[in-house]
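Trainee: heads up, no residue letters with this:
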């Protein structure tokens, strides 16, 4: 009888723990980000010693939810206003120069909310707190306005996840226009997992890795603040937590995540600067392959366990 029950359980897909993902992963993550952004905005000093730790705390908190390309973060370009990267054309720096040399009195949060997303958010703050060259004027008014704007956006996203989370929780119920079945909700969350891993491998690692003959270390994310590898690690940890919450019974997927995290922990290259050395390049490339293996493993193990496949994601076609 026990064998029969076990075989029956294996024959049917597990129900995704959508409720746990919403209540334990998504909502607390956005609340923590909103608090970190508010703490940053509350600092009235423009001293680097005061601002940089709070900047890193807010950046860390964002990476815990940055993989969620659905719902409130995608409305009105909010995710881009929080972190506009990559920026291959340098749009953010160009827009910021205009703001820096304009009227400081005009730099209110309401004014900044109407400006290019490329000049705002965490990437904008990084350019002001870790300038590559001396800034033409005192950046303090723009720093304070950018921090206030970031806090406002973070509050909006966190607040809006209350009603949007209810749509995930009530998937398939009458009157739910967004998720017509529970499987649609599971598919949406599973897609965030797969595309999040793809983004790490292709963008966060792939851009500075370049090719063996032509590495591009200057294209690393958050290079000025020495966060490039840190962003990879925190993103992997967040996605592992998502996978674990979706389905705790996926040992191969979790093992693949742990292998990638172990490789990252051993990589002494915070900005991927060592990709210019053949051995350094190979180490980063091995990490990239491990992350792609984690994605493939999740698709092969977690997807069938949940009875879902990949769906459309806002990053598709980038």
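Mentor: Done, it's in. Computed from a predicted structure; not experimentally measured. Numbering: from 1, shown residues only.
Trainee: quick check: residue 188 touching residue 74?
Mentor: No - using C-beta atoms under 8 Å, residue 188 is not in contact with residue 74, being 11.7 Å away. C-beta: built from backbone N, CA, C; applies to glycine.
Trainee: looking at those two, which is more packed in?
Mentor: Each of residue 188 and residue 74 has its neighbours counted (other C-beta atoms under 10 Å); residue 188 has more, 24 against 15.
Trainee: how about the more buried one: what's its closest non-neighbour residue?
Mentor: residue 70 (5.7 Å; C-beta to C-beta, 6 or more residues apart in numbering).
Trainee: pretty sure that neighbour sits against residue 187.
Mentor: No - using C-beta under 8 Å, residue 70 is not in contact with residue 187; the gap is 10.8 Å.
Trainee: of the two, which one has the most company?
Mentor: residue 187 (22 against 18).
Trainee: what kind of secondary structure is that one in?
Mentor: At residue 187 the chain is in helix, as set by DSSP: H, G, I helix; E, B strand; the rest coil.
Trainee: so it touches residue 308, yeah?
Mentor: Yes - applying C-beta under 8 Å, one finds residue 187 in contact with residue 308, separated by 4.2 Å.
Trainee: hmm, back to that, show me whatever sits in contact with both of residue 70 and residue 187.
Mentor: Shared contacts of residue 70 and residue 187, defined by C-beta atoms under 8 Å, 6 or more residues apart in numbering, are absent.
Trainee: next, the residue lying closest to residue 111 once chain neighbours are set aside: secondary structure please.
Mentor: Of all residues not flanking residue 111 in the chain, residue 145 sits nearest, at 7.4 Å (C-beta to C-beta, 6+ apart). Using three-state DSSP, the structure places residue 145 in helix.
Trainee: repeat that for the one 4 residues further on.
Mentor: Reducing the assignment to helix, strand or coil with three-state DSSP, the entry for residue 149 is helix.
Trainee: which ones are touching the nearest residue to it once chain neighbours are set aside?
Mentor: Of all residues not flanking residue 149 in the chain, residue 112 sits nearest, at 4.4 Å (C-beta to C-beta, 6+ apart). Shown in contact with residue 112 (C-beta under 8 Å, 6+ apart): 99, 120, 145, 146, 148, 149.
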